[in-house]
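K.L.:
Curious how this folds, go ahead:
(2 chains)
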Amino acid sequence: MKSDVFFHIAIAGNPNVGKSTLFNQLTGLRQKTGNYAGVTVEKKQGYLHHAGETFLITDLPGTYSIYPRSEDESVVHRVLCTNSEKPDALMIVVNAGNPERGLLLATQVIDLGIPCMLVFNMTDEAENQGMHWNAEVVEEKLGIPVLKISARKPESVQMLIEAAAQKKFRIRTEPIFAGIQLPDKKQQALLTRTGTNNLSEAFRIWRSQGEEPDWKTWEKAQGLSLRNFQKEETVTRYRFIGELMSAALERKAAKVSRTGEIMDRLAMHPVAGYVLFFLILALIFQAVFAWAEMPMNAIDEGMALLAEKLDGILPEGPVSELLTRGLIPGVAGVLMFIPQILLLFLFLAMLEDSGYMSRVVFLMDRWMRPLGLHGKSMVPLVSGIACAIPAVMATRPISNRKERLITLLVTPFMSCSARIPVYIVLIGLVVPDENLGPLHLRGLALTGMYMLGAVTALLAAFILKLLMKTKGNSFLMLELPPYRFPRLKDIGLMAYTKVHAFVTEAGKVIVSVSLLIWVLSNYGPPEQMKSLRETEQQLLMTAGEAEADSIQKHFQALKLESSYMGYLGRGLEPAIRPLGYDWKLGIALVSSFAAREVFVSTLSVIYAMGDDAEPLPVQERLRRETRPDGSPVFSKATALSLLVFYAFALQCLSTVAVVYKETRSLKLTILQWLGMTTLAWISAWAVFHLFQ
Amino acid sequence: MPTFGSMSLELTARPLTADVLSLGMEVEIESVKEGEAQILLNERGFLPGVRMKLMAKAPGGGAMAFRIGAAVIALRPDEAAYILVTPV
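P.N.:
Numbering: from 1, shown residues only, chains lettered A, B, ... in the order given. The predicted model follows:
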């Protein structure tokens, strides 16, 4: 994006060339996130301050070519080719030890006429492999300044900052590929059609828009073929790169490390590879649940303590109530998830950064395709066990639209961390705290819920594949980067950004819903509420100290019943009675449609009643809850049907919002919501009647 | 003329397509067939005269990993079928 104030430098390069590390080194924590206008690709920008000047740095998505094929690539094309978004200068990052594909992109970008600098990254590794670049020769051949660095070394980064600050960027005078030879008449036709008198600009426009139908008609009329032109361009550029490499690259015999190859023999093994993948997943789960429990409880208790303290300090009244019963539990509901989300993202970032995730894509592609998915769908699906919001965004690298949409539509079936509290409470109600051999029954049930989510996601994908008509070729063509020890700083930074996004984005929804629920359940038709309050006061006046507490609780329940929330729950009752739920559960369901984790806190408010003298844990309270006829509300059938309902229903406003942003289709967003909710209702109904 | 696994001599006489290679085989690219995958393969460095080696195969007709230069690139068999190669 054009910035009038700061000198704007964009970083371009292939995937896995260390662009992000470089970007993090240049900007540190001075980063901001946002989206590119119109498209939803995340814009990574940050600031670099040096010698009194501020630079705006943009990290472009990694691509192999500037010609767009996926959402990510179209952003690069747009940023570099639209005048209003053009950066002032470009850093092209190329892996010194694996340069061909990077140099192809570099020659394309150089021909755009933006001031450029070529940055050979991972020079150390290349030298170790016996590859030595003569920077001066490259500089002379490319016509732009060349820098050799290793992004992980501070002195390298300092060198890069100096070069950027001195604006060592240059425009190459002659294009590397000027276009194909065309007869004069056709050349003129192309210039007229593209509305330019610069031939290489005309070729660029043709190439980037040539897949559109009206261009196809034009090509036919002119007897021209885009494919031939593209092929010739690529071959010409590679010929240039071949010459460049033989002139500037010195190869010495070196001891090549075989560690990566040996690791791949295991990671990509037809049998052991899959075993390893599932072991890693199991390990992550285990670690996340074991390590997150303590901080989660600490946050929960800390917030409860805060509410209690405030309750004591503040004068009684609506303000105190709002704070201690509405706002603080709401904020606690957000903060409680931070440990789990942080841990999950740390692990996922490690899988990605180490290069292992692309091996998973390699192994799984074959099994994903019959389901209408792509090997790359594994990344969103696995991320979905943390949170569907970033997972939906992680579908962007899937270039086939149908596969991307299917992935995005089924990802919310994966059991995200927000379902955990609901599952734990409900499982605690119906599954005994016993062991079956070495396995803990409740743990087994929780694992079962995760499996249910995953299997449903895959089945749904298969059904969508049959229903969706969109065509278009799908390609894998995935580079498997060498294994790298993930840099803690990068992973930490990524996890931090994700958690920050969760707290600000999802947090806003959760807190506002909590507040809304508080208001709706504390206010009702004024007259009714007033008469209730008066009766309560009268009873309290005559009651002894021992009875007062139980009277208050009784009236709290009555007040809830006649509040707006009570009306809402009753209104919903006809729809949920077939599932065996009463209106109180209706309230919990309604409130958790914005965010499912609200379920537990709502239940604990609604069922905070009865004659119990001392406060009980939520589970115990629910267990004692009875219907008018004396049977328990949370029978096995009800609890199981609720479990299934929560596994399938799309109860997360943030996910709905992000799906809409990603698909830009209201229809798909609504269909996804309706489909998941309908499935939830039908399955919950079936389960209830099966176990009743 | 060398033989490759169970492949007949008649087959090896014609250029092979990369999807039929067996593990560890090293070949030189002769050409890349016309079609939608061609330009993508070209862009990733699959060009005439370039050498590549099959490093791994996912089971069940899954992806194939080729070493090409310093890179390892995974292709689906139907993508690899675009690449005509001769053994070296």
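K.L.:
Of all residues in chain A, which one is nearest the centre?
P.N.:
Central residue of chain A (C-alpha atoms, centre = their mean): A:P390, 1.1 Å from the mean position.
K.L.:
And it, how far from chain B?
P.N.:
Counting by C-beta to the nearest C-beta, to the nearest Å, the separation of A:P390 from chain B is 24 Å. The C-beta positions use only the backbone N, C-alpha and C, and glycine is treated the same way.
K.L.:
do the same with A:R78
P.N.:
19 Å.
K.L.:
what does chain B put close to chain A?
P.N.:
Contacts of chain B with chain A, taken as C-beta under 8 Å from any C-beta of the partner chain, map to B:34, B:36-45, B:47, B:55-63, B:65, B:69-76, B:79.
K.L.:
for chain B, what are the nearby residues on chain A?
P.N.:
Residues of chain A found near chain B (C-beta under 8 Å from any C-beta) are A:64-65, A:69, A:95, A:97-101, A:104, A:129, A:227, A:230-231, A:234-235, A:238, A:261, A:264-265, A:268, A:270-271, A:273, A:358, A:361-363, A:365-367, A:375, A:473, A:475-480.
K.L.:
List only those of those flagged as buried.
P.N.:
The neighbour count (16 or more other C-beta atoms under 10 Å in any protein chain shown) marks A:64-65, A:69, A:95, A:97-101, A:104, A:129, A:230-231, A:234, A:238, A:264, A:268, A:273, A:358, A:361-363, A:365-367, A:375, A:475-480 as buried among those.
K.L.:
Just those: which are in helices?
P.N.:
A:100-101, A:104, A:230-231, A:234, A:238, A:264, A:273, A:358, A:361-363, A:365-367 (DSSP state H).
K.L.:
from those, which single one is nearest A:A546?
P.N.:
Nearest to A:A546 among those: A:W367, at 65.1 Å, using C-beta to C-beta.
K.L.:
ok and the residue in chain B nearest chain A?
P.N.:
B:G62 (3.0 Å; C-beta to the nearest C-beta).
K.L.:
list the contacts for the nearest residue in space to that residue that is not next to it in sequence?
P.N.:
What sits nearest to B:G62 in space, not counting adjacent residues and going by C-beta to C-beta, 6 or more residues apart in numbering or on different chains, is A:R366, at 3.0 Å. Contacts for A:R366 (C-beta atoms under 8 Å, 6 or more residues apart in numbering or on different chains) come out as A:G375, B:A58, B:P59, B:G60, B:G61, B:G62, B:A63.
K.L.:
which residues touch the fifth one?
P.N.:
The one in question is B:G61. Contact analysis of B:G61 by C-beta under 8 Å, 6+ apart lists A:R366, B:P77.
K.L.:
Doesn't it lie inside a strand?
P.N.:
No. Read with DSSP: H, G, I helix; E, B strand; the rest coil, B:G61 is coil and lies in no strand.
K.L.:
Next, give phi and psi for the spatially closest residue to A:F337 that is not a sequence neighbour.
P.N.:
Excluding its sequence neighbours, the residue lying closest to A:F337 (C-beta to C-beta, 6+ apart) is A:S417, at 5.9 Å. Main-chain torsions, A:S417, degrees, to the nearest 10: phi -70, psi -20.
K.L.:
Which residues are in contact with the one residue in the stretch 51-200 of chain A that gets nearest to chain B?
P.N.:
Nearest residue of the stretch 51-200 of chain A to chain B: A:N98, at 3.9 Å (C-beta to the nearest C-beta). Residues near A:N98 by C-beta under 8 Å, 6+ apart: B:G69, B:A70, B:A71.
K.L.:
Select from those the one having the most neighbours.
P.N.:
Highest neighbour count within the contacts of A:N98, by other C-beta atoms under 10 Å in any protein chain shown: B:A71, with 22 neighbours.
K.L.:
who does that one bridge with?
P.N.:
On the basis of DSSP bridges, B:A71 is bridged to B:I68.
K.L.:
my guess is it contacts A:R101, does it?
P.N.:
Yes. B:A71 lies in contact with A:R101 (C-beta atoms under 8 Å); the separation is 7.0 Å.
K.L.:
which residues do those two both contact?
P.N.:
Overlap of the contact sets of B:A71 and A:R101 (by C-beta under 8 Å, 6+ apart) consists of A:E479, B:G45.
K.L.:
just to revisit the earlier point, next one: the residue nearest to B:G62 from A:P397, what distance?
P.N.:
19 Å (C-beta to C-beta, to the nearest Å).
K.L.:
what does A:I463 give?
P.N.:
Going from A:I463 to A:P397 by C-beta to C-beta gives 24 Å.
K.L.:
who has more neighbours, those two?
P.N.:
Ranked by neighbour count (other C-beta under 10 Å), A:I463 and A:P397 place A:P397 first, with 19 against 14.
K.L.:
Next, the more buried one: secondary structure please.
P.N.:
Here A:P397 is recorded as coil under three-state DSSP.
K.L.:
OK, contacts around it?
P.N.:
Here A:P397 is in contact with A:S70, A:D72, A:K376, A:V379 (C-beta under 8 Å, 6+ apart).
K.L.:
Just the buried subset of those, please.
P.N.:
For these, a neighbour count by 16+ other C-beta under 10 Å gives the buried set as A:S70, A:D72, A:K376, A:V379.
K.L.:
The residue nearest to the centre of chain A: what's it in contact with?
P.N.:
A:P390 is in contact with A:F345, A:S383, A:K498, A:A501, counting by C-beta under 8 Å, 6+ apart.
K.L.:
Does the first one lie in a helix or a strand, and which?
P.N.:
Going back to what we said before, that points to A:F345. Assessed by DSSP states H and E, A:F345 sits inside helix A:338-353.
K.L.:
what residues does that helix touch?
P.N.:
A:280, A:284, A:287-288, A:291-292, A:295-296, A:299, A:357, A:360, A:379, A:382-383, A:385-387, A:390, A:417, A:420, A:484, A:486-487, A:490-492, A:494-495, A:498-499, A:502-503.
K.L.:
That helix: how far from the chain's middle?
P.N.:
Here helix A:338-353 shows a centroid-to-chain-centroid distance of 12 Å under the convention C-alpha atoms, centre = their mean, to the nearest Å.
K.L.:
same question, stretch A:10-28
P.N.:
The answer for stretch A:10-28 is 20 Å, by C-alpha atoms, centre = their mean.
K.L.:
May I have it as PDB, with CA atoms only?
P.N.:
The C-alpha coordinates for stretch A:10-28 follow below in PDB (Å, rounded to 0.1, in the frame of the first residue of the first chain):
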ATOM      1  CA  ALA A  10       8.400  -4.800   0.200                       C
ATOM      2  CA  ILE A  11      10.100  -8.200   0.700                       C
ATOM      3  CA  ALA A  12       9.400 -10.700  -2.000                       C
ATOM      4  CA  GLY A  13      10.600 -14.300  -2.500                       C
ATOM      5  CA  ASN A  14       9.700 -18.000  -2.700                       C
ATOM      6  CA  PRO A  15       8.200 -19.800   0.300                       C
ATOM      7  CA  ASN A  16      10.800 -21.100   2.800                       C
ATOM      8  CA  VAL A  17      13.600 -18.700   2.000                       C
ATOM      9  CA  GLY A  18      13.600 -17.100   5.400                       C
ATOM     10  CA  LYS A  19      11.600 -14.000   4.400                       C
ATOM     11  CA  SER A  20       9.600 -14.000   7.600                       C
ATOM     12  CA  THR A  21      12.700 -14.300   9.800                       C
ATOM     13  CA  LEU A  22      14.200 -11.400   7.900                       C
ATOM     14  CA  PHE A  23      11.000  -9.400   8.300                       C
ATOM     15  CA  ASN A  24      10.900 -10.100  12.100                       C
ATOM     16  CA  GLN A  25      14.500  -9.100  12.400                       C
ATOM     17  CA  LEU A  26      13.900  -5.800  10.600                       C
ATOM     18  CA  THR A  27      10.700  -4.800  12.400                       C
ATOM     19  CA  GLY A  28      10.800  -6.700  15.700                       C
END
